[in-house]
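>>> when you get a sec, could you give me coordinates for this:
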Amino acid sequence: MSGKLPLRNELDPQYTWDLSLLFKDQAAYEAGVQALKAAVSDFKQKYKGQLQNPQVILSALAAYNQIRIKLSWAMHYASMAYEVDKLDQTAEENIGKFNILYEKLAKDLSFFSSELAQLSDADLDAVAEIEGGADYQPVLTQIKREKAHMLAPDLEEALSGLANSIQSNYELYNTMKFQDMFFADFEAKGQTYHNAFSAFEQDYEPHPDKDVRRAAWKSFHEGLAHYQHTAARNYIQQVETEKKLASLRGFDSVFDYLLYDQEVSRQDYDQIIDTYTQDFAPVMRRYAKLLKAQHDLEDISLADIKIPFAKGPVATIDYAESRKIIEAALAPLGQDYLDIVGRAFDQRWIDYPMNQTKSTGGFCSTVYGGPSYILLNWTASLSEVLVLAHELGHAGHFTLLNQNNLAITPEPSMYFVEAPSTANEVITCSYLLNQPIDESAKRDLVGEFIARTYFHNMVTHLLEADFQRKVYTAVDAGQVLNAGKLNQFYRESLENFWGDALEVNPGAELTWMRQPHYFMGLYSYTYSAGLTIGTQIGQKIAAGDQTAVTAWLEVLKAGGTLGPIELAAKAGVDMKDKATLQATIKFVDGLLDQLEA
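The predicted model follows:
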């Protein structure tokens, strides 16, 4: 039997993240939760119905900021433990209890934004004009912007009290994915392999042996099919709820509702999806044909498209070497940035190895004034260096913006949030390509760069976005959805993008079941937006453009004080111009030229 993942308690702790940076133990965490509850109770008692005087409002804003910090620490302690071990009873109880508590706290605090929204713009401006008030200007501006779509205070309170229920579809998706989904063992060349969600995505999907790879694909998608109707009902309930909330808040379309928080127009959103599905598709079809020729495949399908471009054994790398590469690559960003990166390694912000029930993929979640926890599923391939650089991009971004903004300052738009991470990938790969390596190794590295940065971040999430747009369009039109319709939408997206460049295998239509992004609003398309920005700025930084570095660091510090299009413009990237998107497509096409050389 091959591929059995270890239990969490079988891992070496030095390669896992250290949650004691937040609370030294369970008792300290429980004390922290009690302190949070007391702070919210005191806040409500002191300020509810008292928000008329600018000085009182300023005092309340300062107190609310402290509550948000306490909330960030407690929430991360509860959630991060569960993300890596869903078999741990204490972790499961912590997150379950915290979710219930969060709902109550949100309800108790809902009066604050409601009462501020009832004030005139002049009254809110007066707060910013008194001593110490200017720091809260972005928060007050956000309140003024949201007024038009806020409901009566009692309705806002009721919705806040139902927050976990409204958002429960994401939790149910994860429960199904990590605790219920079962995939049959499969055989290839006389050997039996154990299949699981993370094992398929990390080990089998890119496996160099065609027989292992395709047998794993069949096992995995047959497993997904058993859960498709439950998964579909859960996701459809999510989008139907979003449609109801959109109508409740006065939006004509669910797109308008979801894009409003991103500060992005429908035109900006559509331009990203339309341009890349139409103009980037031929580039990636070319990649598929090159991959087929590189590996001497008689045919190529979606079961093969994730294999490394390099033939033969894939270059491996250990944790220590990856640190050396990343620190050298990101050196142009300056010592303050490198200090953040160094703390990530030295203070165990990073969780490397795979284990049973650990969340798949990777992410970074930053605690205000604390660590930026990075989840990985390390396979030791060279592409993992780009994954780590990506997540450290999030860590650097949010650490810098937290250092320069209050906890209650609006976060940067989702449209922009993948730019700092993907810029780091471009910078890191450019650094590696400039090292003294032979042409064959350089060619393999370019292949890794395309597969990791542009296939995963651009194509995978772009197809999700195209599918998601079909779903929300159907919901806006009042159409009835089911698993069959979702499968049809996804297959259409796949076939439209890939054309005849590869076979769309049976089961590929179930790919929508693999991602949690659909439970996070219009998130998937923002990878394409972020990578467009990241590609443009990353090239400048890698080329040693100090002006670009200075501008970029200022943008990272700005957080949500500017909208995403303005943040990009401040970094010298015009996201309103379709030519910017075309320049990114041309950049990737140029990388493919190096594979043909």
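
>>> from here on, just use CA atoms for contacts and neighbour counts.
Fine.

>>> which residues of the stretch 251-400 of the chain fall in helices?
Taking DSSP state H, counting those that start in this stretch, the helices of the stretch 251-400 of the chain run over residues 254-262, 266-275, 281-294, 319-329, 335-346, 383-404.

>>> how far off helix 266-275 does the third one point, in degrees?
Which is helix 281-294. 30 degrees (axes from the mean of the first three to the mean of the last three C-alpha atoms, to 10 degrees).

>>> which residues of the stretch 351-500 of the chain fall in strands?
Counting by DSSP state E, counting those that start in this stretch, the segments of the stretch 351-500 of the chain that form strands are 363-366, 372-375.

>>> domains in this protein, by residue range?
Domains of the chain are assigned by automatic domain parsing as 8-166, 268-316+388-597.

>>> still on that earlier bit, could the strands of the stretch 351-500 of the chain go into JSON lines alongside mean neighbour count?
Below are those laid out as JSON lines (neighbours: other C-alpha atoms under 10 Å):
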{"stretch": "strand 363-366", "mean neighbour count": "20"}
{"stretch": "strand 372-375", "mean neighbour count": "26"}
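
>>> and the ones you listed as CSV, adding mean pLDDT and distance to Ile143?
What follows is the strands of the stretch 351-500 of the chain, written out as CSV (pLDDT from 0 to 100; distance: least, C-alpha to C-alpha, whole Å):
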stretch, mean pLDDT, distance to Ile143
strand 363-366, 96, 24
strand 372-375, 98, 28
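
>>> of all those, which lies closest to Ala320?
Ala320 lies closest to strand 372-375 among the strands of the stretch 351-500 of the chain, at 16.1 Å (C-alpha to C-alpha).

>>> and Ala548, what does it touch?
Neighbouring residues of Ala548 by C-alpha atoms under 8 Å, 6 or more residues apart in numbering: 537, 540-541, 571-572.

>>> hang on, the earlier thing: ranking the helices of the stretch 251-400 of the chain by burial, who's on top?
Counting by mean count of other C-alpha atoms under 10 Å, helix 383-404 has the highest mean neighbour count of these, with a mean of 24.

>>> could you look up the SS state of the spatially closest residue to Ile565 that is not a sequence neighbour?
The shortest distance from Ile565 to any non-neighbouring residue, by C-alpha to C-alpha, 6 or more residues apart in numbering, is to Met575 (6.2 Å). Put simply, Met575 is coil when judged by DSSP: H, G, I helix; E, B strand; the rest coil.

>>> state the distance from Met575 to Trp17.
Separation of Met575 from Trp17 (C-alpha to C-alpha, to the nearest Å) stands at 36 Å.

>>> circling back: can you list the domains of the chain in TSV and add distance to Leu259 and mean pLDDT?
Below are those laid out as TSV (distance: least, C-alpha to C-alpha, whole Å; pLDDT from 0 to 100):
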stretch	distance to Leu259	mean pLDDT
domain 8-166	13	95
domain 268-316+388-597	7	94
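
>>> now render those domains as JSON lines, adding distance to Val239.
Converted to JSON lines, those look like this (distance: least, C-alpha to C-alpha, whole Å):
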{"stretch": "domain 8-166", "distance to Val239": "11"}
{"stretch": "domain 268-316+388-597", "distance to Val239": "7"}
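
>>> ranking these by burial, who's on top?
Ranked by mean neighbour count, the domains of the chain are led by domain 268-316+388-597 with a mean of 19 (mean count of other C-alpha under 10 Å).

>>> run the chain-centre distance for that one.
Relative to its parent chain, domain 268-316+388-597 has a centroid offset of 12 Å by C-alpha atoms, centre = their mean, to the nearest Å.

>>> what of stretch 29-42?
29 Å.

>>> list the contacts for the closest residue to Asp203 other than its chain neighbours?
Among residues not flanking Asp203 along the chain, Thr379 sits closest, at 7.5 Å (C-alpha to C-alpha, 6+ apart). Neighbour list for Thr379: 202-203, 353 [criterion: C-alpha under 8 Å, 6+ apart].

>>> what about Thr379, distance to Leu388?
Separation of Thr379 from Leu388 (C-alpha to C-alpha): 12 Å.

>>> ditto for Gly96
Taken as C-alpha to C-alpha, the span from Gly96 to Leu388 is 30 Å.

>>> same question for Lys48.
Counting by C-alpha to C-alpha - Lys48 and Leu388 are separated by 45 Å.

>>> and of the domains of the chain, who's closest to Tyr235?
Across the domains of the chain, closest to Tyr235 is domain 268-316+388-597 (C-alpha to C-alpha), at 7.6 Å.

>>> in the sheet, who's paired with the residue nearest in space to the middle of the chain?
The residue lying closest to the centre of the chain (C-alpha atoms, centre = their mean) is Phe363, at 6.1 Å. On the basis of DSSP bridges, Phe363 takes part in beta bridges with Leu375.

>>> looking at the chain, which helix is longest?
Ranked by residue count, the top helix of the chain under DSSP state H comes out as helix 54-84.

>>> what helices or strands is it leaning on?
helix 26-47, helix 89-117, helix 121-129 (3 or more C-alpha pairs under 8 Å, 6 or more residues apart in numbering; DSSP states H and E).

>>> dump these to a markdown table, plus distance to Asp261.
Below are the helices and strands packed on helix 54-84 laid out as a markdown table (distance: least, C-alpha to C-alpha, whole Å):
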| stretch | distance to Asp261 |
| --- | --- |
| helix 26-47 | 26 |
| helix 89-117 | 16 |
| helix 121-129 | 20 |
